[in-house]
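S.K.: coordinates only, no sequence provided:
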């Protein structure tokens, strides 16, 4: 039997994260966007919630709680409803930390996981996306060539979150006939980190370009050691997170537009009663739910250890297209008000556009 009913624990998580997003994230979103700067106090608050540390092994300083991709999807949607850029900043280290916890060697876990279990927010990031509209995570230009007792890394990664402060990067590269992930410290010789990029949306989230010029890595830097890791699972997890974030943006736009359309009057009638407004808003609701179900399906397959590549790709691609459309409809619903900063819809539109191209241009 198929059910979309949340468990009692998931409902508690959803309500708690929604309250936090409403009270802490959303009030900080506009200033963070205008200043293109992360609020450090908010990052400290998010760290205190233990969203990452509680799900890391107890022997490495974590809480030892069981991790659920479905629950993480529910949690991330609520944070992204508050603001996509701040949600992405808060959970960007999770992509690194959880990969180490799941696929790292014992030495890698012992060295790296305690960093995320301390008293303050610690930044690290997954470096997957490469420059260029034709980026394909299955055909990476960044390469790791085996040399002697290690690897030589060459290439570039773009749109790396928290690149201005991350202590380590998990770099996905072509290696031999397949793909591997490598732990690259910030101070590695041969690594050049750009200044934060100036993007259309997600302006509060500092992203950078990493360039690797014959960067030498020891064999121990390979995630999983000599056996390597399942890189496709890392890609699938990133796609689910991206789809869930876009779902949060879509829901934010929808929930802002509905009461606005009911209150806004034109020709002695609420604009919500006009078919040109009401029908698109109904479609916005349908598409937001569709995004969520696709993301949950992919997250459920990840949780059960199944092949989630198809589901994760469909969730990301569908959300990329529909979140842009929903955000655009949000601007249209508000009319001229949709273009001014007095209302957050224009910011959500910019965020949706930026999120949609984080894995290359959708049309290509």
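M.R.: In hand now; what should we look at? Computed from a predicted structure; not experimentally measured.
S.K.: only C-alpha atoms from now on, for both contacts and neighbour counts.
M.R.: Fine.
S.K.: how about the helices in the protein?
M.R.: 8-20, 26-35, 40-48, 69-82, 84-103, 106-112, 231-263, 275-303, 309-334, 345-356 (DSSP state H).
S.K.: including mean neighbour count, mean pLDDT and distance to residue 205, could those helices go into CSV?
M.R.: As requested, the helices of the chain are arranged in CSV below (neighbours: other Cα atoms under 10 Å; pLDDT from 0 to 100; distance: least, Cα to Cα, whole Å):
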stretch, mean neighbour count, mean pLDDT, distance to residue 205
helix 8-20, 16, 97, 19
helix 26-35, 16, 97, 9
helix 40-48, 15, 96, 12
helix 69-82, 25, 97, 13
helix 84-103, 23, 97, 5
helix 106-112, 15, 97, 23
helix 231-263, 23, 97, 14
helix 275-303, 19, 96, 23
helix 309-334, 23, 96, 19
helix 345-356, 24, 97, 11
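S.K.: could I get those as a markdown table with distance to residue 213?
M.R.: Shown next, in a markdown table, are the helices of the chain (distance: least, Cα to Cα, whole Å):
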| stretch | distance to residue 213 |
| --- | --- |
| helix 8-20 | 41 |
| helix 26-35 | 33 |
| helix 40-48 | 32 |
| helix 69-82 | 35 |
| helix 84-103 | 22 |
| helix 106-112 | 24 |
| helix 231-263 | 23 |
| helix 275-303 | 35 |
| helix 309-334 | 31 |
| helix 345-356 | 28 |
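S.K.: residue 60: which of the ones you listed is closest?
M.R.: Checking the helices of the chain against residue 60 by Cα to Cα gives helix 106-112 as the closest, at 6.3 Å.
S.K.: what does the closest one contact?
M.R.: For helix 106-112, the external contacting residues (Cα atoms under 8 Å, 6 or more residues apart in numbering) are 60, 97, 100-101, 223.
S.K.: show residues contacting stretch 140-154.
M.R.: By Cα under 8 Å, 6+ apart, stretch 140-154 touches 130, 155-157, 172-176, 211-220.
S.K.: buried sites along it?
M.R.: 140-146, 150-154 (16 or more other Cα atoms under 10 Å).
S.K.: and residue 347, what does it touch?
M.R.: Applying Cα under 8 Å, 6+ apart, the residues contacting residue 347 are 201, 341.
S.K.: typo on my end, residue 258
M.R.: So residue 258 contacts 272, 281 (Cα under 8 Å, 6+ apart).
S.K.: ok, it to residue 270 distance?
M.R.: 11 Å (Cα to Cα, to the nearest Å).
S.K.: residue 174 now?
M.R.: Noted for residue 174: a distance of 56 Å to residue 270, by Cα to Cα.
S.K.: and this protein, what are its domains?
M.R.: With domains defined by automatic domain parsing, the chain comprises 8-117, 125-227, 231-356.
S.K.: please verify my assumption that residue 188 contacts residue 215.
M.R.: Yes: the pair residue 188 and residue 215 qualifies as a contact (Cα atoms under 8 Å) at a distance of 7.4 Å.
S.K.: and residue 236, how close does it get to residue 225?
M.R.: For residue 236 relative to residue 225 (Cα to Cα), the value is 21 Å.
S.K.: kindly report the same for residue 146.
M.R.: 13 Å.
S.K.: thinking again about what came up before, and the contacts of stretch 140-154, which of them are buried?
M.R.: Buried among these (16+ other Cα under 10 Å): 130, 155-157, 172-175, 211-212, 214-217, 219-220.
S.K.: which of those lies closest to residue 200?
M.R.: Relative to residue 200, and with distances defined as Cα to Cα, the nearest of the buried ones among the contacts of stretch 140-154 is residue 130, at 17.8 Å.
S.K.: report the contact partners of that closest one.
M.R.: Neighbours of residue 130 in contact, by Cα under 8 Å, 6+ apart: 140-142, 156-159.
S.K.: switch the cut-off to 6 Å
M.R.: 157-158 (Cα atoms under 6 Å, 6 or more residues apart in numbering).
S.K.: per-residue pLDDT, it?
M.R.: Turning to residue 130, the model gives it a pLDDT of 96.
S.K.: with residue 363 instead?
M.R.: Residue-level pLDDT assigned to residue 363 equals 48.
S.K.: same deal with residue 360?
M.R.: 63.
S.K.: kindly report the same for residue 267.
M.R.: 87.
S.K.: report how many residues lie close to it.
M.R.: Neighbours of residue 267 under the rule other Cα atoms under 10 Å: 6.
S.K.: how far away is it from residue 335?
M.R.: Counting by Cα to Cα, the gap from residue 267 to residue 335 is 15 Å.
S.K.: one more: residue 59?
M.R.: 55 Å.
S.K.: also residue 110?
M.R.: For residue 110 relative to residue 335 (Cα to Cα), the value is 55 Å.
S.K.: swap in residue 356?
M.R.: Taken as Cα to Cα, the span from residue 356 to residue 335 is 23 Å.
S.K.: who touches stretch 179-198?
M.R.: 167-173, 206-213, 215, 221-223.
S.K.: ok, stretch 69-79 next?
M.R.: By Cα under 6 Å, 6+ apart, the surrounding residues in contact with stretch 69-79 are 14, 17-18, 21, 87, 244-245, 248, 299-300, 303.
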